[in-house]
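Enquirer: A structural model of the following input is requested.
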Amino acid sequence: MIFVKHVLLVCLSLGLLLQCIQTQLIVNVKNKGGDVIREVITGNTTSDVVELQFRNTDGTIINQFIDFKSEVQIFRAYVLWEEELGFTRNKPFTLCFVSRFNKNEFISSDAMSKLRQKNPTAIRTPEEERTPEMHIMELQMNLKRTDVISPNIQRVCRDANSTTYVKESDIKIWSQALGQDMNVLMSTVRKTYPEKYPNCKDTNSITSPCLCHYHICVGWYPCGLKYCRGKDSAGRYLSYRCGIKTCRRFISYDFVIDKKYNCLWDDV
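Expert: Numbering: from 1, shown residues only. Just a heads-up that it's a prediction; the model follows:
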């Protein structure tokens, strides 16, 4: 079972001091290359959100943020500078991929608050490897207007003003699920037409727009609950929660980037 450090935080919201219970879970995961990745998973039952964060071996920081109320999932990649052919991008670069979240893909913030662990230094191995996902993110979001979907998008992606992406199919589902007018939601995005651009690895000009590919691997996460069967004092069979199911997932994103030098990893 999983150990959770319970931390009592004091949150400032609209000038009022509020108490928020936040839980934190630290997990060590060995990737397929043999490196150990340290994941930090936090859950806030008051806001009904969960966040998973880890640093890749290349220094990139990945955040997975889940807003259960709005059915929104955000993957944020904080990419360090790179150098190629004498050209240096000397500032970190942030990418955000926003998608609809299915509630059976991750345990709830309430379930997170109930986890325990006896050995926090152990190397964890997931029980299941999910089918790889491939997404073409054909829309770019205007962060100033995204509050109609979730107030967390602008906060999490604040450093990705022109590099926050979403799919039109998810916009349509949110329109139905949130009861929002489709035209209002589409006013928060602009189309980028990925089919019109060459792959960045096939583009010679380092300052030209192109179709970029980005891959994220989450090596371990609590993807569901386990239930066992037993008997109560009267001898009747019952089902009770007896643990968590853990998974690994691989996600690939295709999206239009304004300049190839913001997608240098595609040449590797």
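
Enquirer: show me what residue 140 is bridged to.
Expert: Applying DSSP bridges to residue 140 gives these bridge partners: residue 165, residue 190.

Enquirer: what's the neighbour count on it?
Expert: Residues lying near residue 140 (other C-beta atoms under 10 Å) number 18. C-betas here are computed from N, CA, C, even on glycine.

Enquirer: also residue 181?
Expert: For residue 181, the neighbour count with other C-beta under 10 Å is 10.

Enquirer: OK, contacts around the residue lying closest to it once chain neighbours are set aside?
Expert: Among residues not flanking residue 181 along the chain, residue 175 sits closest, at 7.1 Å (C-beta to C-beta, 6 or more residues apart in numbering). Residues near residue 175 by C-beta atoms under 8 Å, 6 or more residues apart in numbering: 181, 182, 185.

Enquirer: cool, and residue 231?
Expert: Applying C-beta under 8 Å, 6+ apart, one finds that residue 231 lies in contact with 237, 238.

Enquirer: for residue 225, see how far away it is.
Expert: Going from residue 231 to residue 225 by C-beta to C-beta, to the nearest Å gives 20 Å.

Enquirer: swap in residue 108?
Expert: Noted for residue 108: a distance of 9 Å to residue 225, by C-beta to C-beta.

Enquirer: okay, the two: which has more neighbours?
Expert: Counted by other C-beta under 10 Å, residue 108 and residue 225 do not tie: residue 108 has more neighbours, with 17 against 14.

Enquirer: find the nearest non-adjacent residue to that one, please.
Expert: residue 68 (6.6 Å).

Enquirer: could I get the helix or strand hosting residue 249 in PDB with only the CA atoms?
Expert: Taking DSSP states H and E as the criterion, the element that holds residue 249 is strand 237-257. C-alpha atoms of strand 237-257 as PDB (Å, rounded to 0.1, in the frame of the first residue of the first chain):
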ATOM      1  CA  TYR A 237     -21.100 -11.600   0.600                       C
ATOM      2  CA  LEU A 238     -20.000  -8.000   0.000                       C
ATOM      3  CA  SER A 239     -17.500  -6.100  -2.100                       C
ATOM      4  CA  TYR A 240     -14.900  -3.800  -0.500                       C
ATOM      5  CA  ARG A 241     -12.000  -1.700  -1.700                       C
ATOM      6  CA  CYS A 242      -8.800  -3.500  -1.100                       C
ATOM      7  CA  GLY A 243      -6.100  -1.600  -3.000                       C
ATOM      8  CA  ILE A 244      -5.200   0.200  -6.200                       C
ATOM      9  CA  LYS A 245      -4.400  -0.800  -9.700                       C
ATOM     10  CA  THR A 246      -1.200   0.800 -11.300                       C
ATOM     11  CA  CYS A 247      -0.500   1.500 -14.900                       C
ATOM     12  CA  ARG A 248       2.100   2.900 -17.400                       C
ATOM     13  CA  ARG A 249       1.000   5.100 -20.300                       C
ATOM     14  CA  PHE A 250       2.700   6.500 -23.500                       C
ATOM     15  CA  ILE A 251       1.200   9.500 -25.200                       C
ATOM     16  CA  SER A 252       2.200  11.100 -28.500                       C
ATOM     17  CA  TYR A 253       1.100  14.600 -29.500                       C
ATOM     18  CA  ASP A 254       1.300  16.200 -33.000                       C
ATOM     19  CA  PHE A 255       0.900  20.000 -33.200                       C
ATOM     20  CA  VAL A 256       2.000  23.000 -35.200                       C
ATOM     21  CA  ILE A 257       4.900  25.000 -33.800                       C
END
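
Enquirer: so who does the residue nearest to residue 112 when sequence neighbours are not counted touch?
Expert: Distances taken as C-beta to C-beta, 6+ apart put residue 43 closest to residue 112, at 3.2 Å, once the chain neighbours are dropped. Taking C-beta under 8 Å, 6+ apart as the criterion, residue 43 is in contact with 22, 23, 25, 49, 50, 51, 109, 112, 113.
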